[in-house]
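> Return atomic coordinates for the entry below.
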Amino acid sequence: MTAVDGLRVAFRALAANKLRTALTLLGMVIGVAAVITLMSIGAGVQTSIEERIRQAGTNLLSVSPGVRDNRFGGFRTRGGGGGVQTLTAQDADAIAEANIPGITSIYASRSFNGSFVSPDGAVQASVQGVNEVYPAVRNAEIGTGSFFSADDVERASRVVVIGDTLATDLFPNGDAVGETVRLNTQPFTIVGVLASDGGSSFQSNDDSAFVPLPTLTSRLNPSKNSAGDDVVSSIVVQLVDESDATVAVVKQSIENLLLSRHDSEEQDFTVGSQADQIETISEVTDTMTLFLGAVAGISLLVGGIGIMNIMLVSVTERTREIGIRKAIGAKRRDIMSQFMIEAVAVSMGGGLAGVLIGVGISLGLNELGAGAEQPTGGGGARGNPFAGGLVTTITAEPIILALVVSVVIGLVFGIYPASRASRLAPIEALRYE
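This next block holds a predicted model:
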């Protein structure tokens, strides 16, 4: 029997039981569609996060308190336990005053959750203390008004810049710039509103507020170390460029300076670049994507078991047919190849249909996220949980992988039924009722 004859016989047998064939296909369709959809979501999340980091600037170094513990991906203090409070605003001042070549701007930062009250509403929001260079370093666009000035930072003024969504929540009926809002019972003047950045949950400023760091450390949320210095959560350094040479030189200079200031031979801080952050996030999202694909792959295994079950039923139903074919000269390999072709045809057909459905679902999720109109204030369309928050990326790898796996499953789970059919004795098969 030629391959063409085998295909013709296989498709004729499958067409004779359309409903059963369709139900058998369904397992593979669901499995392949799930693999492609979930892996496209994982790839989309990675792409979206990396893009957000790049938008914030790739020529940045971030100094964080504590030493990264590679075993757990977190941070630990030199003494082991307690909160990590090893960086101060005075450390940031020392870096700025050192005039390290390659540094263009620097700011220290600390945040806390504050309570905002206006005549039209009350909101809890993240409040971050920074200095006047924040918008330039982080590529944050001002929508209305302006960011606070160096003079405001010097005088620890009660001024605040708020995100677009926060402005709408506090002042839904008008412009928030120039209005007074109470932050933790203290009056603050809103000097600017940031432009909406699309409402992405990763590094979004739409629901945040910014005050001068001295205002936060002296008026709103004081926190000092044993030496009386103001504790900060990070120091961000902007470089002249993102070349490896510049990053290496500046990183080493900062480490040497802080080790000297902290009077320690062992680092109690971590200096990382945006490239390091992107690499770490890529590793995490790659693992997540593989996990999602593996979970979805279980349904492919279930589909394979369904193929084996149906092929065994088919062998039983066609026992007399097998006996007749053997009686007129069909060889064992002909019978086996016929049933193997049927199993692969079912799995391959289910795989192709699953690819189309998986790609369709992924594109549909993209439309749900991008197609909905943003409400005033950003943050995603009301009632649409995907708006502005879910992007899928369809790549060739999961499609090829799903198709290959579906064919392999067809071969693996078709071997036993095909082998069983080929071993039937012609006389016994012809006697079968």
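
> got the residue ranges for the helices in this protein?
3-16, 18-55, 89-97, 134-138, 150-154, 164-170, 213-215, 244-261, 274-317, 319-327, 332-371, 396-422, 426-431 (DSSP state H).

> For Gln186, find the nearest of these.
Shortest distance between Gln186 and those, using Cβ to Cβ, is found for helix 213-215: 9.4 Å. Every C-beta, even on glycine, is put in place using the N, C-alpha and C of the backbone.

> in that closest one, what's buried?
Buried residues in helix 213-215, defined by neighbour count with 16 or more other Cβ atoms under 10 Å: Leu213, Pro214, Thr215.

> can these go into JSON lines with extra columns for distance to Val159 and pLDDT?
Shown next, in JSON lines, are the buried residues of helix 213-215 (distance: Cβ to Cβ, whole Å; pLDDT from 0 to 100):
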{"residue": "Leu213", "distance to Val159": "12", "pLDDT": "96"}
{"residue": "Pro214", "distance to Val159": "12", "pLDDT": "95"}
{"residue": "Thr215", "distance to Val159": "8", "pLDDT": "96"}
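
> Pick out whichever of these sits closest to Thr88.
Nearest member of the buried residues of helix 213-215 to Thr88, counting by Cβ to Cβ, is Leu213, at 11.1 Å.

> what sits against the residue lying closest to that closest one once chain neighbours are set aside?
Nearest non-adjacent residue to Leu213, counting by Cβ to Cβ, 6 or more residues apart in numbering: Gly129, 3.8 Å away. The contact partners of Gly129, taken as Cβ atoms under 8 Å, 6 or more residues apart in numbering, are 109-111, 210-217, 220, 232.

> ok, back up a step: the helices of the chain: which one's closest to Ser62?
Of the helices of the chain, nearest to Ser62 by Cβ to Cβ is helix 274-317, at 7.5 Å.

> Report all helices and strands that the closest one contacts.
Contacts defined by 3 or more Cβ pairs under 8 Å, 6 or more residues apart in numbering; DSSP states H and E place helix 274-317 against helix 18-55, strand 60-65, helix 332-371, helix 396-422.

> Go through the helices of the chain and pick out the most buried.
helix 164-170 (a mean of 25; mean count of other Cβ atoms under 10 Å).

> chain center to it, what's the gap?
Taking Cα atoms, centre = their mean, to the nearest Å, the mean C-alpha location of helix 164-170 is offset from the chain mean by 26 Å.

> What lies in contact with that helix?
116, 118, 120-121, 123, 125, 143, 162, 176, 181, 190, 193-197, 199, 206-209, 376-379.

> Just the buried ones from the residues you listed?
With neighbours counted by 16+ other Cβ under 10 Å, the contacts of helix 164-170 contain buried members at 116, 118, 123, 125, 162, 176, 181, 190, 193-194, 196-197, 199, 206-209, 377-379.

> now, which of those residues lie within strands?
Phe116, Ser118, Val123, Ala125, Ile162, Val181, Ile190, Val193, Leu194, Ser208, Ala209 (DSSP state E).

> Could you identify the most distant pair in those?
Ser118 and Leu194 (17.0 Å).

> Any idea how many residues pack against the spatially closest residue to Asp175 that is not a sequence neighbour?
With sequence-adjacent residues excluded and distances taken as Cβ to Cβ, 6+ apart, Asp175 is closest to Thr144, at 6.4 Å. Thr144: 16 surrounding residues under other Cβ atoms under 10 Å.
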